[in-house]
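In: have a look at this prediction, sequence included:
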Amino acid sequence: MTSVPGTTETKFQIKNLFKVFGSKPEFALREVLDHHFSKAELLEKHNHTLALQNINLEARTGEITVIMGLSGSGKSTLIRHVNRLIEPTSGEIIFEGKDILLSSTDELRAIRREKMSMVFQNFGLLPHRTVIENAGLALEARGISRREKTSTAQKWLDEVGLHGYGDKYPNQLSGGMRQRVGIARALASNAEVMLMDEAFSALDPLIRTDMQDLLLRLQKELRKTIIFITHDLDEALKIADHLVILKEGVIVQQGDPQRVIVEPRDPYVADFVRDINRARVLRVRTLMEPLQDHSHLFVAGEIQQEETLESMISMAAGDASKSLLVKKDGDTVGIVKMKKVIQALVAPDEPESKKPKSPIIND
């Protein structure tokens, strides 16, 4: 996934967020802070669950932030804090410069109706409503006229490949088609932020790939700010501009997905990325070097910076002595050496550090 050129605006930030589930969450949180209890220790000593611990992240306008982790890592709990479906025990959630934890009930309702939309794993469609009625639900909640609601809903149903299905009911559609209705509903709301909680995980692999491609195509045109939850590393690497990896409610690493692959900062992350097909995932831009004097190098041609290492290997015919000039928008921006490509194909035996460090790493 390619970031929006020149994008620097932060859409929202999560600062120092903790979530404790139990009858006395504030007391339990003090115990965590005072005695440095782990999740397991807090559960054993006080029968409270430390779901999220000191979460700090930001999402930039027009980018896809992917939060991934195994079951129980806290990723679905985290995304539900963004629109306050779950209230934090402590922390801040800054949306467009304002802490939404301070928002009134009416302000929060307006944010949910107009600023944020959500796509669920189980589709979240109303079975007694037609496809076009489901797609227009957000507009109906705002009191938009029936004519405008129907026109807008139809536009987005067409956009996601469901032309002619408006009068059908959810039980007449396949899983992939129902998820397309969910995406059309989110887009019809014209919300600036889309929250997608395991949106594709219930789908068959081929349909899932189609949905990922659809999301990327639409994102290229619309530039929404998307928070996407997944437990699938391949999916995360395919769509993420910014990758956040959770383990037991703690962010163990976050940053550019490419850098996470080549520079895992934690044994857990290193294990996560060890078995991926690096040739198909890593981009030339990740390994390119500044363009200086290359007269001593065997330059075999040119390659675009977003091409994969697989393409690079093919162009160089596997010759480790070759190098290629890296191009972006017609300009030469660097050079990449086959020797470095070959080295990058092998996962390191150890993560960069097993030294004591903060559990939160920001690139």
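Out: That came through fine.

In: what's near enough to touch the residue nearest the centre of the chain?
Out: A centroid search over the chain (C-alpha atoms, centre = their mean) returns V66, at 1.6 Å, as the residue closest to the centre. The contact partners of V66, by C-beta atoms under 8 Å, 6 or more residues apart in numbering, come to 228-230, 235-236, 239-240, 242-244, 257. C-beta: built from backbone N, CA, C; applies to glycine.

In: outline the domain layout of this structure.
Out: Annotated domains of the chain cover 10-273, 280-344 [automatic domain parsing].

In: can you give me the end-to-end distance of the first one?
Out: Going back to what we said before, that points to domain 10-273. Using C-alpha to C-alpha, to the nearest Å, one end of domain 10-273 lies 28 Å from the other.

In: could you give the number of residues near the closest residue to L246 other than its chain neighbours?
Out: Using C-beta to C-beta, 6 or more residues apart in numbering and skipping the chain neighbours, the partner closest in space to L246 is G69 (3.6 Å). When counting by other C-beta atoms under 10 Å, one arrives at 25 neighbours for G69.

In: what of M118?
Out: By the measure other C-beta under 10 Å, the count of residues near M118 is 24.

In: any idea which element the closest residue to it other than its chain neighbours lies in?
Out: Distances taken as C-beta to C-beta, 6+ apart place L195 nearest to M118, at 4.5 Å, with adjacent residues excluded. If you go by DSSP states H and E, L195 is part of strand 193-197.

In: go on, Q292?
Out: Per DSSP H and E: Q292 is located in neither a helix nor a strand.

In: distance of E26 from H35?
Out: With distances taken as C-beta to C-beta, to the nearest Å, E26 is found 15 Å from H35.

In: also L42?
Out: Counting by C-beta to C-beta, the gap from L42 to H35 is 9 Å.

In: same check on T230?
Out: Computed as C-beta to C-beta, the T230 to H35 distance reads 34 Å.

In: between the two, who's got more neighbours?
Out: Between T230 and H35, T230 has the larger neighbour count (other C-beta under 10 Å), namely 23 against 10.

In: ok, what's across the strand from that one?
Out: With DSSP bridges as the criterion, T230 is bridged to M68.

In: that one contacts S71, doesn't it?
Out: No: in this structure T230 lies outside contact range of S71 using C-beta atoms under 8 Å: 11.7 Å.

In: can you give me the neighbour number for E140?
Out: E140: 14 surrounding residues under other C-beta under 10 Å.

In: next one: the strand or helix carrying it to chain centre, how far?
Out: Assignment of secondary structure by DSSP H and E places E140 within helix 137-141. Computed by C-alpha atoms, centre = their mean, to the nearest Å, the chain-centroid distance of helix 137-141 equals 26 Å.
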